[in-house]
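[1] Sequence unavailable; structure follows:
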């Protein structure tokens, strides 16, 4: 019941929050006996407006103890975001660097 009461709006930039959580994961990975793992859940009502920066952030974060889940909600056309799922091959940054895992 809460979702209809939430006002979502754009632009939809995912890279800043991915980079923010990646900094936490990087710090945690440096700790002796590190056992922390981060899961970032992003809910978006529109296609990402910073797709290249998001691809870059995902690739950089792929070596860290974290997972990123992006969920499109609502009636927007999310077809452009399918590049992020890796179903059609390995996700690569705009520079051509492949995701680690």
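    All right, it came through fine. Since we're looking at a predicted model, the values are computed, not measured.

[2] Please make it C-alpha for all contacts and neighbour counts, starting now.
    Fine.

[3] Who are the contact partners of the nearest residue to residue 55 once chain neighbours are set aside?
    Spatial nearest neighbour of residue 55, excluding adjacent residues (Cα to Cα, 6 or more residues apart in numbering): residue 93 at 5.2 Å. Contacts here follow Cα atoms under 8 Å, 6 or more residues apart in numbering; on that basis residue 93 touches 52, 55, 56, 59, 99.

[4] By the neighbour-count criterion, which of those qualify as buried?
    Buried by 16 or more other Cα atoms under 10 Å: 55, 56, 59, 99, out of these.

[5] Just send those residues back as CSV, with distance to residue 13 and secondary structure too.
    Formatted as CSV, the buried ones among the contacts of residue 93 follow (distance: Cα to Cα, whole Å; DSSP: H, G, I helix; E, B strand; the rest coil):
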residue, distance to residue 13, secondary structure
55, 11, helix
56, 13, helix
59, 16, helix
99, 20, coil
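
[6] ok, of those residues, which one's closest to residue 5?
    residue 55 (30.6 Å; Cα to Cα).
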